[in-house]
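Trainee: 3D model of this:
(one chain, ligands or ions: 1)
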Amino acid sequence: MSQLGKNIKRTINNLTVSYNDEGPDGTPVIIFIHGFPFTKAMWNKQAEALKGNYRVIAYDIRGFGDSDAGKDNFSIDLFVNDLLSLMDALKIEKAIVCGLSMGGYIALNAIENYPERFSALILSDTTCTVDSAEAKEKRMNAIESIKQTGLEKYADESIKKLFAPESFTTKEIEIAIAREMIVKTSEQSLFNTLHALADRKETCNKLPEINVPVLILVGKEDVITPPDAARFMHEKIKHSKLYIIGHAGHLSNMENPLEFNDHLKKFIESVKSV
Ligand code: MLT
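Mentor: Numbers count the residues shown, from 1 in each chain. The predicted model follows:
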């Protein structure tokens with residue numbers, strides 16, 4: 001019987017990871033992977049909606065939330081290693097995995113390398129492509145501007161792109177929560193992850209090989225990983241389902257949890273009965 005609850009600490013890959021593990025033991029396991037630069041708390045509304053019927057795990061990626069940063073150089077490969085080590089430590093042979101943006105990069109890399117460990121995939125506001133030269137330069141500029149003008153300003157600039165315009169009047173609490181997660185992240189973790197994101201490998205070529213049910217969700221107003229990126233993945237992944245979430249930008253699960261959770265629940269229900 002596994003330990004259930006919130007903010008559980010466990011040592012894996014030489015670092016202490018913090019995770020929530022909720023819901024009935026013996027039910028299908030869904031693992032949530034957060035985006036950059038957030039924490040497992042971004043999935044609170046999804047965990048609430050699912051934990052009555054499923055085992056729901058959300059963890060802090062190394063360097064974020066309550067997880068240690070460890071000593072290794074950050075990379076998407078290392079983050080995938082951490083995910084697999086957590087699954088091993090919790091004796092989870094197979095899971096449904098749901099990742100938003102950076103969480104999606106991790107999920108796509110993980111399913112490419114360890115297909116036997118995943119029974120279904122939910123890709124939210126993410127892409128299989130790599131950074132353009134311009135995007136890489138922006139990340140390096142972000143590092144410089146954090147060093148010069150600090151985290152508060154970086155958080156304010158980031159928030160402008162993360163949310164749909166209408167969310168600035170309708171989702172003030174969610175915006176405050178997201179901003180708080182950004183300013184609480186250590187500068188070193190931000191720098192290390194910006195490098196890891198800039199160096200990530202593309203996963204588009206492998207999409208046709210994905211052989212499990214896939215749900216793709218994206219906020220209609222997502223300007224970071226826009227609906228076109230989601231459509232591209234949808235065309236490449238056979239039998240995938242795509243839904244565009246209204247009234248939402250890049251953080252579609254926080255901006256429109258009702259619509260997001262509705263698709264999530266229906267998809268998981270359909271996967272469960274396959
Ligand atoms: C995220 O939400 O994880 C980021 O927007 C990913 C990125 O910067 O590529």
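
Trainee: run through the residues that contact His263.
Mentor: With contact set as CB atoms under 8 Å, 6 or more residues apart in numbering, His263 has these partners: Leu215, Leu217, Tyr243, Ile245. C-beta coordinates here come from the backbone N, C-alpha and C atoms, glycine included.

Trainee: and the host helix or strand of Asn261, how far out from the chain's middle?
Mentor: According to DSSP states H and E, Asn261 maps onto helix 257-272. Averaged C-alpha coordinates place helix 257-272 at 16 Å from its chain's average position (CA atoms, centre = their mean, to the nearest Å).

Trainee: name the residues of that helix that are buried.
Mentor: Going by neighbour count (16 or more other CB atoms under 10 Å), the buried part of helix 257-272 is Pro257, Glu259, Phe260, Asn261, His263, Leu264, Phe267, Ile268, Val271.

Trainee: and those, which two are furthest apart?
Mentor: Pro257 and Val271 (20.0 Å; CB to CB).

Trainee: and the strands in the stretch 101-250 of the chain?
Mentor: Counting by DSSP state E, counting those that start in this stretch, the stretch 101-250 of the chain has strands at residues 118-124, 214-219, 241-245.

Trainee: who are the contact partners of Gly52?
Mentor: Gly52 makes contact with Gly23, according to CB under 8 Å, 6+ apart.

Trainee: now with 10 Å, please.
Mentor: Contact partners of Gly52, counting by CB atoms under 10 Å, 6 or more residues apart in numbering, are Glu22, Gly23, Pro24, Thr27.

Trainee: alpha carbons of stretch 17-28, as PDB, please.
Mentor: Output in PDB follows, covering the C-alpha atoms of stretch 17-28 (Å, rounded to 0.1, in the frame of the first residue of the first chain):
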ATOM      1  CA  VAL A  17      11.200  15.000  -4.800                       C
ATOM      2  CA  SER A  18       7.900  16.400  -3.500                       C
ATOM      3  CA  TYR A  19       4.700  14.900  -4.800                       C
ATOM      4  CA  ASN A  20       1.000  14.600  -4.100                       C
ATOM      5  CA  ASP A  21      -0.500  11.100  -4.300                       C
ATOM      6  CA  GLU A  22      -4.300  10.900  -3.900                       C
ATOM      7  CA  GLY A  23      -7.200   8.700  -4.800                       C
ATOM      8  CA  PRO A  24      -8.000   5.100  -4.300                       C
ATOM      9  CA  ASP A  25      -5.200   2.600  -4.500                       C
ATOM     10  CA  GLY A  26      -5.600   0.000  -7.300                       C
ATOM     11  CA  THR A  27      -7.300   2.400  -9.700                       C
ATOM     12  CA  PRO A  28      -5.700   3.700 -13.000                       C
END
